[in-house]
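[1] here is the input, now give the coordinates:
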Amino acid sequence: MARYTGPKTKIARKFGEAIFGEDKSFEKRNYPPGQHGNNRRRGKKSEYAIQLMEKQKAKYTYGILERQFRNLFKKATAAQGITGEVLLQLCESRLDNVVYRMGLSRSRRGARQLVSHRHITVNGGVVNIPSYSLKAGDVIAVREKSKSLEAINTSLEGSSAVYEWITFNNDTKSGTFVSVPARIQIPENINEQFIVELYSK
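    All right, here's what the predicted structure looks like:
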């Protein structure tokens, strides 16, 4: 499936925040890209432009393509609860995102690769679908053969983030998706209401 493989810093600068994680290049130039740099005059954005930017930011953050994202929105609309919140909860429940949150990879792109290359198990069975939707109580672990992977160990050494809805044991390299996170627990700076308004037009 097609994925965005272009320069990440350029996209982060477009949104004015490091949406792909720690980025030294972004810190040097944290303004939108373009010939005239930070001096370029930028007019007031329309309501549609703001809503579109928010949707694009969410898609790039979670590494989801348009059709997949639209399907998640339909699923969120049909579910009980506030549509915008449910949409973000569905994104957070993806296997690649939880692998990233557990610190097994420094980026969601890297986490997606770990899943695709069959390094991750769910409830004891290998799952190689990054978009696999986890349920509360699911146990995610690194495959026995893959526990010595340098990329995983390096990432875990530099990982310090703790999330209330995930438990992780560094020794066994396994953890549990305890529950679907509440909106207040999701750290991403995304205004989901703009996305709902865009898709509702």
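[2] and stretch 46-66, which residues are buried?
    Using 16 or more other Cβ atoms under 10 Å as the test for burial, stretch 46-66 gives 51, 53-64. (Glycine included, C-beta is placed from N, CA and C.)
[3] mind checking the end-to-end distance for stretch 124-136?
    Stretch 124-136 has an end-to-end distance of 15 Å (criterion: Cα to Cα, to the nearest Å).
[4] mind listing what's buried in that stretch?
    Quick answer for stretch 124-136 (16+ other Cβ under 10 Å): 127, 130-132, 134.
[5] next: stretch 183-201.
    Per 16+ other Cβ under 10 Å, stretch 183-201 contains these buried residues: 186, 190, 192, 194-199.
[6] dump the buried residues of stretch 124-136 to JSON lines, plus distance to residue 115, secondary structure and pLDDT.
    Compiled in JSON lines, the buried residues of stretch 124-136 are given as follows (distance: Cβ to Cβ, whole Å; DSSP: H, G, I helix; E, B strand; the rest coil; pLDDT from 0 to 100):
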{"residue": "127", "distance to residue 115": "7", "secondary structure": "coil", "pLDDT": "97"}
{"residue": "130", "distance to residue 115": "5", "secondary structure": "coil", "pLDDT": "96"}
{"residue": "131", "distance to residue 115": "9", "secondary structure": "coil", "pLDDT": "95"}
{"residue": "132", "distance to residue 115": "8", "secondary structure": "coil", "pLDDT": "97"}
{"residue": "134", "distance to residue 115": "12", "secondary structure": "coil", "pLDDT": "97"}
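[7] nearest to residue 98, of those?
    Closest approach to residue 98 among the buried residues of stretch 124-136 (Cβ to Cβ): residue 134, at 5.9 Å.
[8] quick check: closest non-adjacent residue to that closest one.
    The shortest distance from residue 134 to any non-neighbouring residue, by Cβ to Cβ, 6 or more residues apart in numbering, is to residue 177 (4.5 Å).
[9] verify the contact between the one you found and residue 94 for me.
    No - between residue 177 and residue 94 there is no contact under Cβ atoms under 8 Å: 10.6 Å.
[10] and for the two, which residues touch both?
    Listed as contacting both residue 177 and residue 94 by Cβ atoms under 8 Å, 6 or more residues apart in numbering are residue 134.
[11] just to revisit the earlier point, phi, psi for the residue nearest to residue 134 please.
    With angles defined as degrees, to the nearest 10, residue 177 sits at phi -80, psi 90.
[12] now the longest helix belonging to the chain: how far from the chain's centre is it?
    With DSSP state H applied, the helix covering the greatest number of residues in the chain is identified as helix 47-62. Chain-centre distance of helix 47-62: 14 Å, with Cα atoms, centre = their mean, to the nearest Å.
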